[in-house]
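Asks: Mind folding the following:
(one chain, ligands or ions: 1)
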Amino acid sequence: MKPYNLEQFRGIIIALYASYDEQGEINTDAVRRLARYYASTGVKGLYVGGSSGEGMLQTVEERTGILAAVMEEVGHELTIIAHVGAAATRDSVALAKHAEEVGAHAVSAVPAIYYRLSPDSVEGHWQAIIDSTSLPFIIYHIPQTTGFQLSKGLLMKMASQEKVIGVKISAESTFELQQFKAAGGSEFLVFNGPDEQYLAGRSIGADGGIGGTYGVMPELFLKIEQCYVAGQMREAQEWQFKVNELIVQLLSFPSLYGACKAILKLRGYDIGEPRMPLLPCTAGDQGRIEELNTRIMTLVKLAKA
Ligand SMILES: CC(=O)N[C@@H]([C@@H](O)[C@H](O)[C@H](O)CO)[C@@H](O)CC(=O)C(=O)O
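Replies: Predicted structure coming up:
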């Protein structure tokens, strides 16, 4: 039996966007404001420094600064998972140790990036992170960006350790998700990654989801979850379809994160622009951003009615 409270990880976990100031430097005040807003929505937690958090575009020092700000602001209210993935194992270990120091609830990591790594190498990387703290560990499987295809064999080997409590699967195959859930066993958590498939992921075994687009519409994912738990599958499906139309729109901008940041800015959360090479929205996109924000807010009202 895993010696952790797994309940605290089940549900909607927002992959937190990075917050920058006008010069492109980390803006911890904006980090705090955004985290505070999310704490008021009823979500379960935050995933800090992942893809949406642009962790791979930041220094170790910047990443620790963001996590510390999140922990101080909402660490006692929300479950905080610190993504510590990096190109170098020693950086991931430093980030994991810091996450434990500031009281994060778990650490998570992609395979080390850039080099084409063997399964043994990825295992060694993850093991070094796991051994460096007493925190639970969540594997982050996102083969479309890392190029590493996690096998069921390696997953099972990792899952057999007490500290390895789950996998966040951003691959688009819900079959793979179900297979990982079956391989990991009942005590092993599986987090749905593709927001477009939140309901499909839940239906086939996911314990919850970690997603980037949740950040501009947490209420709508909470609605899908609420309908799913109540057994109202038709309604849950209708909400997922509405959300998917919004995601298609979000994906039509120069970058997804640029679009999400532009939307949050309209709502009074100025978290800057994504870091290069990720593209920001342009002045020419503003009209469509405003329209999309209005559509989201209309649906949020409906979901809450
Ligand atoms: C490839 C990718 O970035 N996937 C996202 C999704 O939230 C994704 O943005 C969404 O499904 C829209 O396609 C998440 O799985 C990743 C994530 O939440 C994170 O680490 O920030």
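
Asks: Give me the three-state assignment for Asn293.
Replies: Using DSSP: H, G, I helix; E, B strand; the rest coil, the secondary structure recorded for Asn293 is helix.

Asks: which ones are touching Gly166?
Replies: By CB atoms under 8 Å, 6 or more residues apart in numbering, the residues touching Gly166 are Phe9, Ile138, Ile139, Gly184, Phe188, Leu189, Val190, Phe191, Asp207. Glycine gets a C-beta too; all of them are placed from N, C-alpha and C.

Asks: of these, closest to the ligand?
Replies: Phe191 (8.7 Å; CB to the nearest ligand atom).

Asks: Pairing partners for the strand or helix carrying that closest one, with directions?
Replies: Under the assignment given by DSSP states H and E, the secondary-structure element containing Phe191 is strand 189-192. Pairing partners of strand 189-192, with direction, according to DSSP bridges: strand 164-169 (parallel), strand 208-211 (parallel).

Asks: ok, and which of the ones you listed has the densest surroundings?
Replies: Using mean count of other CB atoms under 10 Å, the stretch among the strands paired with strand 189-192 with the largest mean neighbour count is strand 208-211, at a mean of 28.

Asks: what comes into contact with that strand?
Replies: Under the contact criterion CB under 8 Å, 6+ apart, strand 208-211 has outside partners 9-15, 44, 47, 50, 81, 168, 189, 191-195, 198, 201-202, 221, 225.

Asks: And for the closest residue to the ligand within the stretch 1-150 of the chain, nearest residue in space, chain neighbours not counted?
Replies: Taking CB to the nearest ligand atom as the measure, the stretch 1-150 of the chain has Gly50 as its residue closest to the ligand, at 2.7 Å. Excluding its sequence neighbours, the residue lying closest to Gly50 (CB to CB, 6 or more residues apart in numbering) is His83, at 4.1 Å.

Asks: What residues are bridge-paired with the one you found?
Replies: Per DSSP bridges, the residues bridged to His83 are Ser108.

Asks: Start at 408, not 1
Replies: Sure, I'll start counting at 408 from here, so that last one is His490.

Asks: separation between it and Phe598?
Replies: When CB to CB, to the nearest Å is the yardstick, His490 and Phe598 sit 12 Å from each other.

Asks: contacting residues around the residue nearest to Gly457?
Replies: His490 sits next to Tyr454, Val455, Gly456, Gly457, Gly460, Gly462, Val514, Ser515, Ala516, Val517, Tyr547 when contact means CB under 8 Å, 6+ apart.

Asks: now Gln465
Replies: With contacts defined as CB under 8 Å, 6+ apart, Gln465 is in contact with Ala425, Ile433, Gly456, Ile473, Arg682.

Asks: Among the contacts of strand 615-618, name the ones in strands.
Replies: Ile419, Ile420, Ile421, Ala422, Tyr454, Ile488, Lys575, Leu596, Phe598, Asn599 (DSSP state E).

Asks: Which member of those is positioned nearest Tyr664?
Replies: Here the nearest of the ones in strands among the contacts of strand 615-618 to Tyr664, counting by CB to CB, is Ala422; it sits at 10.1 Å.

Asks: Can you give me the neighbour number for that closest one?
Replies: Other residues within reach of Ala422, judged by other CB atoms under 10 Å, total 25.

Asks: Also Asp436?
Replies: Residues near Asp436, counting by other CB under 10 Å, number 10.
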